[in-house]
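Chemist: here is the input, now give the coordinates:
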Amino acid sequence: NELHPVQPAACPQALLQDVQRRVLIEYVRPLLQGRLACSSAKARARVAARLGDEARQLRELFGRLVSGTGLGTRV
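Modeler: Numbers count the residues shown, from 1 in each chain. Presented below is the predicted three-dimensional model:
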């Protein structure tokens with residue numbers, strides 16, 4: 001493995017992209033592996049509502065990180 005010089009301005013963006021990728025992989029993996037088993041229409045509706053809420057939360061989190069207001073630090 002060779003080390004390559006990193007531009008300081010690109011480093012936070014690359015870190016943010018890596019965090020987004022890792023979070024989404026860990027979040028989507030159980031969905032793709034079928035770990036959400038719903039035995040009724042009511043259970044499916046609850047899971048769908050939960051997934052929608054979590055999707056909104058992820059959008060808000062990544063939006064704050066991109067804008068530099070997330071987690072109390074500037075990115």
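
Chemist: stretch 17-31: which residues count as buried?
Modeler: By 16 or more other Cβ atoms under 10 Å, stretch 17-31 has no buried positions at all. Glycine gets a C-beta too; all of them are placed from N, C-alpha and C.

Chemist: which residues touch that stretch?
Modeler: Here stretch 17-31 makes contact (Cβ atoms under 8 Å, 6 or more residues apart in numbering) with Leu36, Leu51, Glu54, Leu58, Phe62, Leu65.

Chemist: distance of the residue nearest to Leu36 when sequence neighbours are not counted from Ala14?
Modeler: Closest residue to Leu36 apart from its sequence neighbours, by Cβ to Cβ, 6 or more residues apart in numbering: Val47 at 5.7 Å. Using Cβ to Cβ, to the nearest Å, we find Val47 at a distance of 34 Å from Ala14.

Chemist: do Gly34 as well
Modeler: Counting by Cβ to Cβ, the separation of Gly34 from Ala14 is 33 Å.

Chemist: higher neighbour count, Val47 and Ala14?
Modeler: Val47 (14 against 11; other Cβ atoms under 10 Å).

Chemist: and the more buried one, helix, strand or coil?
Modeler: Here Val47 is recorded as helix under DSSP: H, G, I helix; E, B strand; the rest coil.

Chemist: and for Glu2?
Modeler: Glu2 - assigned by three-state DSSP - is coil.

Chemist: could you report the neighbour count for Phe62?
Modeler: Neighbour count for Phe62, taken as other Cβ under 10 Å: 16.

Chemist: helix or strand: which one has it?
Modeler: If you go by DSSP states H and E, Phe62 is part of helix 41-67.

Chemist: elements contacting that helix?
Modeler: helix 10-32 (3 or more Cβ pairs under 8 Å, 6 or more residues apart in numbering; DSSP states H and E).

Chemist: thanks a lot, see you next time.
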